[in-house]
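**Student:** need coordinates for the following:
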Amino acid sequence: MRKIALLTGLGLALVVGSVAAPVAVEYNLGVAVAAPKEGRPASATWDNPGKSAAKLHKGAPAAAGMRAEPLQAIDPFIEQAIADKMMPGAVVLIARNGVIVKEQAYGYAARYADANFTPLDQPIAMKTDTIFDLASVSKLFTTTAVMQLYDQGKIELDRPVAAYIPEFATNGKDKITIRQLLTHISGFEPGIPIWKVDADREGRLQEVFRHTLQNPPGSKYVYSDLNLITLGAVVERITGKRLDEYVRENITQPLGMNDTMYNPPAKRKPRIAATEEEPWAERGLVWGEVHDEKAWSLDGVAGHAGVFSTAGDLAVFAQMMLNGGTYDNKRILSKEAVALMAENQIPQFPEDDHGLGWELNQGWYMDALSDTSSLGHTGFTGTSIVVSPANNTICILLTNRVHPTRQTVSTNPVRRGVARQAALAIPVDIPWKKEGAWFAGMGDQLQNTLTAEVDLAAGGTLSFDTWFRIEPDKDFGYVEASSDGQSWTALGTAAFTGKSEWTPYSYQLPAGTKQVRFRYSTNETANGRGWYVHEPQIKNAQGQKLKTAWKAAGWSQAAE
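**Tutor:** Have a look, this model is predicted:
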């Protein structure tokens, strides 16, 4: 139960007295001494995944350099979320180094007949090959189509969209570029109700093309479906093929993604996760048709939504990205295109890191898998995908959280929780392994402490080795001393946050010190991979090493 409690943000919160805050925040700090000790060679550890298979296959966690226990903890976590009616069902797929280490289905693909939660006479259990409405994860397929045309020289990223769709130039949009659409800085608002427009597919697209801007182009990041609807139309104008036909012929068929499509045929309905009852759009329970009203009004084929897929197919798509654009000897994208998609294109908008089409470094759903190279996307129906190049790791969570209504709590804690456990399953390389190390734990709103009682009338020193991946500028590791166990003084000039490899540190302890502690403080959302402290040693003013018993509140001994 402890694992689940930490996962859902109910970890220990022990605070003793007041805390003296550090003066500043740095990514590497303290008084580093000597050179790090020689440790054992890293083998499939954090940020050192080793060689990856180019093609996915199932295997044990150990085959991917992962630990089984954190992956097993996902099961009761998801089951509890289903019991709490956060979603009727889910599929989780986690892979590393080309090895699928977890592929598990939970709950129901179809459970209710209407938004009043009337039970179906014959509910359908979720299976690992259940087909989901991906919602906005569909945007990644449109992006891939755009970048294929970039590879072919048919699209220029900084050319105006109006060069491909002339009528788009109306209402001050003549200078908006393809890159600005891909990065959501075009100036468009999030969306408009085109399903209310009395027109056919082309007429509704024209409604998007002539729509006015909410902001000057390039001035603000605003996530907008209109950007990708337009890009889907660009693909259609250039190729002469509707988007679904182009994606099928150039992406899903070459990759062998046979369960990925727009407008799935009726015979597949028993395999499809049901979504929402939509009376406002004069639709009943949406099941087997696209949930998004805008995509539905565009005949189920749109640049922002409309793709249906399975976790297994999405894993192939993700592995193609990790492979630099190829899968099973089929090249889908050039290495250059993949690099551009994975590069932050809008550093001027901090915390909205965005490549071309892919979101980057978004801890609110990537959690501890998040870093500057991590790619991902979410979908309104309850879908998400995270791809970590630094760890050759794929984490896919597909849910039908809008079934039978979107009026449910956010699934973001579940997204974070699954990603967090996937990250915990990747071991940290701890040098001097036989002695182990202390691990500060993971969870939301933690105040985990590791405390030693001492008697240093004349002061002394504290030395230790540390490694951390702590959410930058939001979560912190403190090293503190106290003379009375009530008020605490920070040692060093700043708190630990951000990223550090194994580094030794030494701090002077004030005269009269009675307690020394390490305190890990997290906020209410994302975690990094965590904070490790190895062999903390305390010496008195005469340089004599003290026999120290460390009292852990939320910390644990880790032998990775």
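
**Student:** okay, strands next: where are they in the stretch 101-250 of the chain?
**Tutor:** Listed in chain order, the strands of the stretch 101-250 of the chain (DSSP state E, counting those that start in this stretch) span 119-125, 132-133.

**Student:** ok, which of those comes nearest residue 171?
**Tutor:** In terms of C-beta to C-beta, the element of these nearest to residue 171 is strand 132-133, at 31.9 Å. Using the backbone N, CA and C atoms, a C-beta is placed for each residue, glycine as well.

**Student:** list phi and psi for residue 439.
**Tutor:** With angles defined as degrees, to the nearest 10, residue 439 sits at phi -120, psi 130.

**Student:** ok so residue 367 is a helix residue?
**Tutor:** Yes: Residue 367 sits within a helix when classified using DSSP: H, G, I helix; E, B strand; the rest coil.

**Student:** use 16 as the first number from now on
**Tutor:** Renumbered: residue one is now 16, and that last one reads residue 382.

**Student:** look up how far residue 541 lies from it.
**Tutor:** Taking C-beta to C-beta, to the nearest Å as the measure, residue 382 falls 5 Å from residue 541.

**Student:** which of the strands of the stretch 116-265 of the chain is buried the deepest?
**Tutor:** strand 147-148 (a mean of 31; mean count of other C-beta atoms under 10 Å).

**Student:** now do that one, average pLDDT.
**Tutor:** What strand 147-148 shows for mean pLDDT is 98.

**Student:** tell me the centre residue of this protein?
**Tutor:** residue 381 (1.9 Å; C-alpha atoms, centre = their mean).

**Student:** for residue 125, give its distance to residue 421.
**Tutor:** Relative to residue 421, and taking C-beta to C-beta, residue 125 is found at 16 Å.

**Student:** more neighbours: which of these two?
**Tutor:** residue 125 (26 against 16; other C-beta atoms under 10 Å).

**Student:** what pLDDT does that one get?
**Tutor:** Predicted confidence (pLDDT) for residue 125: 98.

**Student:** thinking again about what came up before, overlap of the contact sets of residue 382 and residue 541?
**Tutor:** residue 431 (C-beta atoms under 8 Å, 6 or more residues apart in numbering).

**Student:** looking at the two, which one has more neighbours?
**Tutor:** Neighbour count, other C-beta under 10 Å: between residue 382 and residue 541, residue 382 has more, with 31 against 23.

**Student:** contacting residues for the more buried one?
**Tutor:** 430-432, 434-435, 438, 541-542 are the contacts of residue 382 under C-beta under 8 Å, 6+ apart.

**Student:** distance to residue 154 for the strands of the stretch 116-265 of the chain - can I get that in a markdown table?
**Tutor:** Shown next, in a markdown table, are the strands of the stretch 116-265 of the chain (distance: least, C-beta to C-beta, whole Å):
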| stretch | distance to residue 154 |
| --- | --- |
| strand 134-140 | 28 |
| strand 147-148 | 13 |
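
**Student:** to residue 228, which of these lies closest?
**Tutor:** strand 147-148 (29.3 Å).

**Student:** partner strands of that closest one and their direction?
**Tutor:** strand 322-324 (antiparallel) (DSSP bridges).

**Student:** so how far is residue 367 from the closest residue to residue 152 other than its chain neighbours?
**Tutor:** Counting by C-beta to C-beta, 6 or more residues apart in numbering, residue 152 lies nearest to residue 394, which is 4.3 Å off, once chain neighbours are set aside. Distance, residue 394 to residue 367, by C-beta to C-beta: 18 Å.

**Student:** ok, residue 130 next?
**Tutor:** With C-beta to C-beta as the criterion, residue 130 and residue 367 are 33 Å apart.

**Student:** please apply the same query to residue 480.
**Tutor:** 36 Å.

**Student:** follow-up on the earlier one: quick check on residue 394 and residue 367: which one has the bigger neighbour count.
**Tutor:** residue 394 (25 against 20).

**Student:** list the contacts of the residue nearest to residue 152.
**Tutor:** So residue 394 contacts 148-153, 320 (C-beta under 8 Å, 6+ apart).

**Student:** and what of residue 547?
**Tutor:** So residue 547 contacts 443, 445, 452-455, 481-483, 573 (C-beta under 8 Å, 6+ apart).

**Student:** you'd agree it is in a strand?
**Tutor:** Yes: applying three-state DSSP, one finds residue 547 inside a strand.

**Student:** how far off strand 134-140 does the helix or strand encompassing residue 115 point, in degrees?
**Tutor:** Per DSSP states H and E: residue 115 is located in strand 114-127. Put simply, strand 114-127 runs at 170 degrees to strand 134-140, going by axes from the mean of the first three to the mean of the last three C-alpha atoms, to 10 degrees.

**Student:** the residue nearest to residue 495 when sequence neighbours are not counted pairs with what?
**Tutor:** Nearest non-adjacent residue to residue 495, counting by C-beta to C-beta, 6+ apart: residue 503, 4.2 Å away. Under DSSP bridges, the beta-bridge partners of residue 503 are residue 34.

**Student:** I figured residue 503 hits residue 496, correct?
**Tutor:** Yes: using C-beta atoms under 8 Å, residue 503 makes contact with residue 496 at a distance of 6.9 Å.

**Student:** give the residues shared as contacts by those two.
**Tutor:** residue 532.

**Student:** re the thing from before, which of the contacts of residue 382 ranks first by neighbour count?
**Tutor:** Most neighbours among the contacts of residue 382, by other C-beta under 10 Å: residue 542, with 32 neighbours.

**Student:** using the three-state scheme, assign it.
**Tutor:** Counting by three-state DSSP, the backbone at residue 542 sits in coil.

**Student:** for residue 183, see how far away it is.
**Tutor:** Residue 542 is 42 Å from residue 183, by C-beta to C-beta.

**Student:** any low-confidence regions in the protein?
**Tutor:** Applying pLDDT under 70 to the chain flags residues 16-58, 448-450, 574-575.
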